[in-house]
Every structure is written in C-alpha cells, then in structure tokens.
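Trainee: below is the structure, and that's it, no one-letter string:
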C-alpha cells in the first residue's frame, strides 16, 4: 500500500491505496470524480485524459503512486466559480458532443492543445492532435469546430488577462 | 434559453452535465455492499466442457461465489432468445440453438462465458476468475459462413443441421428469372459486407441490486431499451417477475444497436446477486471484453445480378446472400438479413421483379445482430455498388443511370413488401451533385494526376426504412413484440411539464428535441419542460431507441398525448372564460379566446385543473395524459451521398477529399442535432468502407480485438462534411418526421468504394479499402 | 493488474538497489502499464526512474548531442538546441503516439523496450548512436538484438543516448492504420557522405539497418538511387494490416520519401 498525496482540482488530498492502483481508479473510486472515464485497455481512446502538472496525460496509464506530489486537474475542476471554461462552453455551443462519454477527455485534450499550439490553432492541426482521443458519435466534425472556437475564446481570455 | 420550437437550432439541455463531468453512467453507479463480477471466458472458439474445478478460486481472498451454467439452468434461468421468428422458404421455423447465459456443455466462441466469480473487489474477482480451471475438450471451429455451410464443417448446434438457421426467400423467383431471359444487358457482382464491431465508447456495464426483504431487483444497465430488457429478463429468463424488477438505463455512452440486446452478463449479475446473497454486483466490460462479447454487425457474402432493358431500365434483380449470425441467435438477429435487408433491395428504383434468397448460418464467432443501419447498409451497399458497376459496364454516367430508374411517383409499391410513401430522389441527387461540383471533377482529377495521385468520385443514392415499425405488420412477419411507442405528458399545477417517454437517449439529444416539440405546441420556454426516460419505475412502458425511431415513433406518441392535454386544457379554459371551446387558442404561454382580449395564463389553466374548484361538469381533476402511438407504415428517409477520394498509388492510402450528403429526413425538429447524427453516421460508414474489420483466424481467435488492431476512425481520417437537407414530409405521422439516425452509416460505404474503384480503374476491391487492400487491388490490375 | 510494489528512485544507484529479480524499471509506462493491465506482465516491483534528475534533459555541444534517458518525447520534440542540431530527431519525437503519450513516454523507455514498431530505434541506428547505461556504453548496432530484445543485462539501466548530429537526416513513417505505430519507419542520415539507414516496424527481428540502401545512397543521396534496391520481403513482418511484400514495398517508399525530404 502506498500513501499518496496530491492536489486535485486545487484541493490537497491524500489516500492510502494499493501500489497497483491506476490514477483513473483513484479519481473515480477513491475521490468519486467519475467524470474521468475508461473507454479502452490500450491507452488509445483518451476518455481518461486529465492534466498532470498542466499537461494532458492518460490517467489509465499512470499509477496513482506516480502522480503523488502532482497537481491534477480533472474535468470537474475545469470550470471556476460556476463559470464554464471557454472550451466547455465551446463544446456546448458547437454541438461537440452527443453521448458525452468521450467528452471529458476530449475537452481536457482540447485545452492542452490550445496551451501548446495557441489560440489560432488550425483545423488540420487539431485533427492531428486528436490522435489519442476517439469519439464514436460525432464524426469529429463538430469537435474540431468546438476546439477551434474554444481556442479563440481562450485566446481572447488570455489577452484580457494580460491587459 | 427561451421558446425554441420545431426547427430551432436549440443548444442541448443535457450538455451541461456532460461537459462538466457530471454525467451519470452505469459504471459511475455505486452502492453500499457492492461486489464485482468477473467472467471465466473460453479461450477456445469451440470446445466441450468436461468439468470445472472451482476449488482454488473459491478459496481466494474476497471471493463469495463461483457459479457455473449448470447452477444457472438449475435455478430455472431461461435460455437467451431470438425475438423474431423467421421461417424458411419450405415453411419450417428457424433452427434456433440453445443459448444459456453461462455455458453448460459447450462453448461456441472465444469469450463465451463458462463461469462467473463474485468477489468483494474487482481485482479479487479478476484474480479468482483466472484460477477457475475449466477442462475444455477442444473441437474444430468454423468462422466463415460460406465454409460453415459446406459438408463436413464443424457443427455448432444439434438444432441446426449443417449450421443452417434458415433458408429464406422474398419476391417472385419465376418472374425475376423471366426478366433475365429477356434482358438486353445483365450486370453481375460478388460482394462481401465486412464484419464490424460497434464500439460505443462506453463499454457495457451492469449493476444488479437485490433487496432480500422485498425480494426486489434493480438493474442499472447500459441499455437502449430498458423496458424491453425488463420484459425479456422477466418473461423469458425468469430472473424476477416484472413488478419485482426495476431497470434503469441512466446516461448511456452510445449504443449503435449493440446495447439493444439483453446479454448474458446482465442476466448473470441479477441471478448471482440473489444466489450469492450480496446486496449488489457490478460488472463493467473492459474494451477487450467489448470486442469479444458485444454483438457484431454485418458479415454478409452476396452474389447478385441485375437485368436491364435496351433503355437501361432495370427489369430484374436477383440476389443470393449468406449471412453469418455467429455462435448464437441474438435478440433481433434473424430479422436483420431478412426484413431489414431484402425489403430495401429496390433502393430508390423502379424494379419490377426482385428475388432474394438468404441463408443464415451459425459460426464460432460472436453473435451478430443489428448495428447502426442493420440490414439497410448491406442492401444499400449491394444496390449502389451494382448501380455504379452497371453504369461502367453500360457506359453511361452513374448519375444518369440512377435517374433513369428513380421512382418518381408516390406511393410506390416495391416487389419486396415496402410501400414508399413520399420522396424526391431527383432533388437530393441534384443537390449533392451541385454541392460536390460534379461537373468540375475532370479538372480536379487531372490535377491529382499531375501530382502522381489517382482521383475518383463515387455516389450512392440510398433509401432506408425507419420509424420502426407498425406492430401488426411486423407481427405478421414474425416479430415477437409490437413496435409502437408510449408517452405521457404530465402538466404540473404551475404549468411546467414532464414528458415521460419510452424512447431512450444515448447521445441523440432527446432532452432537447422532445422539449422543443412541447415548447412549440404551447409557447413555453424549453427549460419548463423536463424529459424523463430510461427508468421502468417512472415510465410505464416503451420500446426504446433504435432503427431511427425516436423521432418518427417516439415524438409521434408525445404529439398524440399533447393533443389530449391541449383538448382538456381548452375545455377548462373555455369553461373559465365562458367561451366556446372552438374559439380557444393556446400560444406564447397564454390561453386566448380568439378575436377577444379575454385570456388566461397557461399556468392559470393548469392550476385550475388541479384546484378543481371550477371545472366543467363531470370533468376529472388534473392535467396528465398518456398515449401509445403505433405507426401505420415505415418511414423512408432517402438521399444522395457523393465522395471524392485521392489514392496514393505508392502506399494505397485513400484520402477523402470531400464528402457531400444531401438527405431527406422529413420534418426536422433541431437541424443542429440532425446534422450531428449525419456526421456520426458518415464516420461509421466511412469507417466500414476504409478501416473497420473484425478479423478471425481459422481457429476462431479474434485478431482485431483491440484498438491496436481494429481501426477506429480518428479525427485526421475524416474530412469536414458538407451536409444539406431537402424535405418531403412523411405523410404517415403527425409531424411528417422520417428519422435521421442511421442514414449516414447506410448511405456512405458504397459512395466511398465507388469513388476508390473509380480512382484505381477497376472494380475488384473489398471493404475495408485499407491501404494494404487498395495497394493489392492496384497491383493486381 | 497483478499486485506489485512501487518505488520512486532518487538516483541510479538507488534504482539498481531496488529492482530485485522480478522487478521492472518504470519510465513513462506507456508500454509497461498497459501490458500489466492486461495481466501479460507481473513484475513484483516497479522502480520509477522518472524522478532521477541525472537522467533528464537534452544537451547539445556543437554537433554532439546527449539526451537523458528519462527525457520525454515532448521534451525532445520541443528542445530548441536539438531542433537546430538534429531537426529530424526532434520531429520524429513529435510524431510518436499522441500528445498525452508524448508527455509521459521517454526515449530511454522506448529504446529499452525495443518494440519493433517504435520510432526511436530506427533513428538510433541511423544516427550511429551510443546507448549509455549505468555500467557501460553500447553502440546502437549492438544494442537492438531482436524483437523486444536488447543487449541490456538484467537490472541494467539506460541512462542516456548520445550521437554526433549528421549533416542531414530525415524520418518518414507509414503508420499502422489502427495502432498508429510505425509499420515502416525509415530514418536516413547522411554522415559526410556515409549514409546510414535505420528501419522500424517492418523487420521481423526488430529495428534494423538496410545495408543495400546505405550502399546505394552513399555517394548518391537521391531518391532515384534507391530504384534498383530490392528489399527482401522474407525479412519482414506480416499481419492483418500488411503482408511482408507490402511492408517491403513500404520500406522502400518511405526511404525514398525520407531522402527526398533531406
């Protein structure tokens, strides 16, 4: 058993878990953060993507013990003060989701894409950067539109913050 | 959010919970005392079980029970049924082999469950399942339907000699043969419709709770049709009487057909919870289990020929299909290659004579059943590949050959049961050709050639039968259920409304579109309308969501119930306003007397219904109405898809340059949601055409058993789609809705393959058109 | 997943002391953890190397490049000095897996695992790289000894790789359509007219050099120079995604594209 301490969505948490426990299971089973989903066994579908120290990571392919000491952001921690994150709003406004199962991982990946590629990321880059996120409902058409729109919105937010 | 009625691109009410991680899927459901199930699955495609040694597993940490098929059947749990009786052409009923939720004597596919372990934790259950020793006597296996019919093939079920389930036919064979005798031209084709794995992103899951004080079960499950699940679990599997079984399908992460069926795991979890004396059991498939146990789709082999007269009019169409149904007959499996397939073989065309023979076959593979489109993609692929092949052979433009043969007048009775009620096939063909700049293709092809690439264009004019389905009609064809839908409209005393529906949303956005229908009717804000679905304790009964039926059937039931609510509200208002009932009008949230300034707020009328202080003589208090809607006909969405590809001859990679969809879905409630349905369907159809393939080796091992080997369409595999809509109303239901859920998956595969075969210059190409297959096709030319 | 115990090493010596007989070093875990989840591997101990500072980072000194074993693919891809000294390797790193994999996966983990379809091994061969371990230096030619096999001894830790940047280099890969791993990945590097060609994904014995191509390209670094080279399908993998003939063909196509891109 391992004692793990980490910050999840801005709150310090700790738990004593089996060494083999995956981060996704720690989030879902120990912390009841069930917005992070499990859609495959081979680290390909991206339903489980969270941010670890600011970077998109597949939480099904990381032990909770590996994440000890890290700052984790899950889909539940993306909105602040009741305000949707611009990427969340963009998915809603552009019908970027249907069944909703892949959506948390998509949104967490999308925010990471914008963090790395900037607010003007083009649609071809978005498509390439979604290699690790599988959606079966939308055909990606509106996901790509959502991310492009969310990127613009994040960009204007960043500008406002800078001014 | 304001008043967003029919036709509005209303944003989805359900989205907030999904984008904030607050969706509640079955695997998110936890209860005190919950145990976990792990199944002991056969590693062999075909074997006799000589014994099961459970002793080591039973002694392991956390294990409370290890149960097998003999215990299951011993407790009276019934065999899994196929709910649609199909008769062979000789009149004999289909040959259905026995399927127990846990195998008793034989396992018949890799993944067939022989036992289950119930343990305190998931890891303990998994570990103990590995320790169960099943003594398998391995038998020869057969995975290919054509091989399974051959003499000497391994036999799966004693009930089905030669592995034949039925040998069925439709149409007039003699008349069709005569048409070929007099034909000016005959075009032949041999095609395979590749086997697919549905792959909703949420794996199947079940949480079975047992309350021993009440002898009552609650099942949370990933179902597209919780009431059907309860009915079948109760009436056929004898798990519990219906009044002692509540089935809840909460948020469900995609279905595509695979979550229609009631699988062994749900049956076993319910039975085992009571038998093992635990409060609850959870089972959630991992993706490997999903590949191994979710009902697969398609898997047809077909030989067909089409007769044309000297004017290129089709005079006859003859089809022979062998369909693989896997190791057992799944719930609706028998209907897919018959009544959902052969009845659509007339396509958009006037074909006077059609004959189709279908043999269905047992093999040592996962059961095959309806997957998005179900039979209709197979029919469309055949008809539309054949039309393009014919155009090439007859040396006419593929669009012109289609146009020459389009049905122009409605209603149109085909020779294969279906009577098309409305459509305008020229309109969607014209629209698609315009959007695709069909005329400019030659210039684009020349440009590709300059870059060393092969460019091709392909089209597909599809028709499907949706709005499934008139109960008496399907009953006469063998269905074990009626396919109506129910709705209940509960108006609260303050005027807000709950709609209880038997339809189930697993991505379709019913919480939004159904509310729009109500908003439109009474002029109420959509946020005042709540949609309740997916719980057998809340909704009286319903048939669920599949076959593009929620709009055409589910909404029609709501409309019918709204009619009753409106009539009663008008009676109350007329009484209160001392006006004639015929002069009352409800709009913009008010109840008015036409031509006067007399009016009441909607909420005042509703409150009046509940205070009951001043109701018309003899009227019951309250404002709540229910309705059952049974369709009078199928609905017939249709359209034209055009695909343009560029093939890299060096690698065989096909890149879609543009994909145009022009559809006629009848009345549309929310264009944004409908477009999303088309996008998703296209992705699945393009996936079938280019990427997806469930491949077994000869021993029955599934080689494409994970995303490492089964290619799921990803964002960079697909283009932006160009989608448009061209409405002709369906005359058969109150709003004129046809349905939109499956069209994309039905219409797109032939468009893609017609484009690639156009690019590479010959027809010898099987789906999926993977780089390797296309490369081989180029080099075999 | 079978039970295991996790140790976070703070130094190479600490890691070596913890590994035991049945343990495994854990780098990014991009291959090991999925394998363990599928119960196909059951190490009793996992020793996490990713927190050992000495194993991280890229250093470039003129044409001499050294990359710590625990440097992630994203870090290799984003390193400005490497982008200047050996852009082909930086670009290769940016094409491994998906963004989340690149955030966790490491060059040392990829090399030590020697998945035949991984990208780095082809590059190590073409770059004539040296693999540094806690006890010795091994040339890439000697390191990759067969599919999923390397010259590493039990308990030996890859600490870094180093190489002299080539004059020019390029990597082109044909992805397995499903897994997106390399089905034929070809790294061509020109070391002053001496051309080396490393291939991933195609050969049944793992990452390999193609000496016929090297001979053809040394002295004539053009795609046309490869026209006469026959790639032997008998050496190639074959599966549901591609026959050995197809892979042999793809190796040549990718090699030509790599040369054209140089």
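Mentor: Good, I have the coordinates. All values derive from a computational prediction rather than experimental measurement.

Trainee: wait, what's in contact with the residue in chain B that chain C sits nearest to?
Mentor: Closest to chain C within chain B is residue B:711: 3.9 Å, counting by Cβ to the nearest Cβ. (Each C-beta comes from the backbone N, C-alpha and C, glycine too.) The contact partners of residue B:711, by Cβ atoms under 8 Å, 6 or more residues apart in numbering or on different chains, come to B:687, B:691, B:692, B:693, B:768, B:770, C:177, C:178.

Trainee: give me the beta-bridge partners of the nearest residue to residue B:244 once chain neighbours are set aside?
Mentor: In this structure, residue B:244 finds its nearest non-sequential neighbour in residue B:216, 5.0 Å apart by Cβ to Cβ, 6 or more residues apart in numbering or on different chains. Residue B:216 has the following beta-bridge partners by DSSP bridges: residue B:211.

Trainee: pretty sure residue B:216 contacts residue B:246?
Mentor: Yes. Applying Cβ atoms under 8 Å, one finds residue B:216 in contact with residue B:246, separated by 7.4 Å.

Trainee: the two: who's more crowded?
Mentor: Neighbour count, other Cβ atoms under 10 Å in any protein chain shown: between residue B:216 and residue B:246, residue B:246 has more, with 19 against 15.

Trainee: for the residue nearest to residue B:244, which residues are in contact?
Mentor: Neighbours of residue B:216 in contact, by Cβ under 8 Å, 6+ apart: B:210, B:240, B:244, B:245, B:246.

Trainee: surely the second one forms part of a helix?
Mentor: I take that to be residue B:240. No. Per DSSP: H, G, I helix; E, B strand; the rest coil, residue B:240 lies outside any helix segment and is coil.

Trainee: returning to what we had before: return only those of the contacts of residue B:711 found close to chain A.
Mentor: When Cβ under 8 Å from any Cβ of the partner chain is applied, no member of the contacts of residue B:711 is adjacent to chain A.

Trainee: let's have the residues you listed in TSV, adding neighbour count and secondary structure.
Mentor: TSV is the format used below for the contacts of residue B:711 (neighbours: other Cβ atoms under 10 Å in any protein chain shown; DSSP: H, G, I helix; E, B strand; the rest coil):
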residue	neighbour count	secondary structure
B:687	27	helix
B:691	22	coil
B:692	27	coil
B:693	23	coil
B:768	24	coil
B:770	23	coil
C:177	21	coil
C:178	23	coil
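
Trainee: and the pLDDT at the residue of chain B closest to chain C?
Mentor: pLDDT, residue B:711: 98.

Trainee: neighbours of residue B:683, how many?
Mentor: 28.

Trainee: which helices and strands sit right next to the helix or strand where it lies?
Mentor: Using DSSP states H and E, residue B:683 falls within helix B:671-690. Judged by 3 or more Cβ pairs under 8 Å, 6 or more residues apart in numbering or on different chains; DSSP states H and E, helix B:671-690 is in contact with helix A:141-162, strand B:654-664, strand B:721-725, helix B:743-760.

Trainee: can you rerun that using 6 Å?
Mentor: Counting contacts by 3 or more Cβ pairs under 6 Å, 6 or more residues apart in numbering or on different chains; DSSP states H and E, helix B:671-690 is packed against strand B:721-725, helix B:743-760.

Trainee: break chain A into its domains for me.
Mentor: Chain A breaks down into these domains under automatic domain parsing: A:2-77, A:86-162.

Trainee: could these go into TSV alongside distance to chain B, mean pLDDT and mean neighbour count?
Mentor: What follows is those, written out as TSV (distance: least, Cβ to the nearest Cβ, whole Å; pLDDT from 0 to 100; neighbours: other Cβ atoms under 10 Å in any protein chain shown):
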stretch	distance to chain B	mean pLDDT	mean neighbour count
domain A:2-77	2	97	22
domain A:86-162	3	95	23
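
Trainee: quick one: buried residues of stretch B:731-751?
Mentor: B:732-751 (16 or more other Cβ atoms under 10 Å in any protein chain shown).

Trainee: assign a three-state SS to the residue lying closest to residue C:218 once chain neighbours are set aside, would you?
Mentor: Leaving aside its chain neighbours, residue C:218 sits nearest to residue C:195 (4.7 Å; criterion: Cβ to Cβ, 6+ apart). With three-state DSSP as the basis, residue C:195 sits in strand.

Trainee: pull the contacting residues for residue C:195.
Mentor: C:214, C:217, C:218 (Cβ atoms under 6 Å, 6 or more residues apart in numbering or on different chains).

Trainee: next up, the contacts around the closest residue to chain B within the stretch 101-250 of chain C.
Mentor: Using Cβ to the nearest Cβ, residue C:178 is the residue of the stretch 101-250 of chain C that sits closest to chain B, at 3.9 Å. By Cβ under 6 Å, 6+ apart, the contact set of residue C:178 is B:709, B:710, B:711.

Trainee: mind doing that once more with 8 Å?
Mentor: Contacts of residue C:178 (Cβ under 8 Å, 6+ apart): B:691, B:704, B:707, B:708, B:709, B:710, B:711, B:712, C:241.

Trainee: equivalent analysis for residue B:24, please.
Mentor: Contacts for residue B:24 were tallied using Cβ under 8 Å, 6+ apart; they are A:34, B:17, B:250, B:251.

Trainee: list buried residues within those.
Mentor: Among these, those classed as buried by 16+ other Cβ under 10 Å are A:34, B:250, B:251.

Trainee: restrict those to contacts with chain C.
Mentor: Counting by Cβ under 8 Å from any Cβ, no member of these reaches chain C.

Trainee: mind listing which of those are in helices?
Mentor: With DSSP state H as the criterion, helices contain none of the buried ones among the contacts of residue B:24.

Trainee: so which bits of the stretch 101-250 of chain C are right by chain A?
Mentor: C:101, C:103, C:104, C:179, C:180.

Trainee: recalculate using a threshold of 7 Å.
Mentor: C:101, C:103, C:104, C:180 (Cβ under 7 Å from any Cβ of the partner chain).

Trainee: just these: which are in helices?
Mentor: C:101, C:103, C:104.

Trainee: and the pLDDT at the closest residue to chain A within chain B?
Mentor: Nearest residue of chain B to chain A, counting by Cβ to the nearest Cβ: residue B:21, 2.0 Å away. Residue B:21 carries a pLDDT value of 98.

Trainee: what sits against the closest residue to it other than its chain neighbours?
Mentor: Once flanking residues are discounted, residue B:21 sits nearest to residue A:35: 2.0 Å by Cβ to Cβ, 6+ apart. For residue A:35, the contacting residues are A:74, A:75, A:76, A:104, B:21, B:22, by Cβ atoms under 7 Å, 6 or more residues apart in numbering or on different chains.
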